[in-house]
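1. quick check, what structure comes out for this input:
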Amino acid sequence: MNEKNAYAHLEAYKTATEYVPKCIGWLKLSRDQIVLLGEQFECWSKHFDADVMGIVIQYFPNTVPLTNSNITFELADKVLRGLAAIHGSYVVHGDIDDIHCDQRISLRNCLVTKQDQVV
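-> The predicted structure follows:
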């Protein structure tokens, strides 16, 4: 399942809305359109031979990644509840890693707002 389909699935089930950013839409850019975006996107045109597809999701300002230095029992509980809600929608989040043997937590794509909301 690609990311666009995963967000559509989550929207249809409406079980994880508290934990998942709202998907606003998706787009497809050709190589020519990427070049028109300017220098900061030039690297994209070098790495993709075909059109680039992407999604536009809700923005949460002032978030920080969840790490072993800022995790609490309360935040861990919210993460587990969010993952359970996502899994309840028949979507498996592929960007959450286990605790590695060096005891660093790698929670890619798991952010915390200043109000301790986990997204």
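2. tell me the mean pLDDT over the one helix or strand V35 maps to?
-> Using DSSP states H and E, the element containing V35 is helix 31-36. Average pLDDT, helix 31-36: 77.
3. next one: stretch 82-102
-> On average, stretch 82-102 scores 69.
4. got it, and stretch 64-79?
-> On average, stretch 64-79 scores 87.
5. surely A12 is within a helix?
-> Yes - counting by DSSP: H, G, I helix; E, B strand; the rest coil, A12 is part of a helix.
6. just give the closest residue to it, not the sequence neighbours.
-> In space, and not counting its chain neighbours, A12 is closest to S89: 7.9 Å by CB to CB, 6 or more residues apart in numbering. (Each C-beta comes from the backbone N, C-alpha and C, glycine too.)
7. any idea how far the one you found lies from V112?
-> 22 Å (CB to CB, to the nearest Å).
8. okay, buried residues for the lengthiest helix in the chain please.
-> If you go by DSSP state H, the chain has its longest helix at helix 73-88. Using 16 or more other CB atoms under 10 Å as the test for burial, helix 73-88 gives L75, K78, V79, G82, L83, A85, I86.
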